[in-house]
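Enquirer: Okay, predicted coordinates and the sequence, questions at the end:
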Amino acid sequence: MSEITDKSQENRKENHKSNGDFAPGNCANPAGRPKKGDAWRDIYNEVLDSHEIELLLKDRKGNEKEIYLRAEGGKTFRYAIVIGLVKAAMGGDVRAAQELADRTGGKPKQTVELEGNAVSVRVTTGQGADAQQIKNDLDEMR
């Protein structure tokens, strides 16, 4: 065994119980979930819910560039993006039209069936697949 493999085996033994669970005080993500406001989702939502943004960017040479964005009519950037999508779709952009359709009407249901010797699997994606429907589908397959 290589030295690297030996070290990783040692670490695994120190951090895990014999059944594979993490030992008390050890975990795979010691930093845990990002604090509220630090996660990408929080940052996106903060920016999209804003009415205006002012940024000062500096490059490695020390050159500065100021960027100022403002959504018109007191609307948010989220609103402005939807308007941009509508304009693009009206201009013939099929991907913009598809995005609008998916966001407003939901994605169409897709069903994929796989069969093997002992197992039959049916996977459904999209809106409308609720817990009761999944249970009914599983009962049908038995």
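Expert: That came through, no problem. Residues are numbered from 1 along each chain as shown.
Enquirer: which regions of this protein lie under the pLDDT threshold?
Expert: Counting by pLDDT under 70, the low-confidence segments of the chain come to 1-18, 20, 22-37, 114, 116-135, 137-138, 141-142.
Enquirer: 90 instead, please
Expert: Along the chain, the parts satisfying pLDDT under 90 run over 1-47, 53, 55, 69, 71-74, 102-142.
Enquirer: hey, where'd the strands end up in it?
Expert: Taking DSSP state E to define them, one finds strands in the chain at 52-58, 64-70, 110-115, 120-125.
Enquirer: In CSV: the ones you listed, plus distance to Gly84.
Expert: Heads up, the C-betas are built off the backbone N, CA and C, glycines and all. Supplementary listing: the strands of the chain in CSV, determined by distance: least, C-beta to C-beta, whole Å:
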stretch, distance to Gly84
strand 52-58, 16
strand 64-70, 13
strand 110-115, 28
strand 120-125, 27
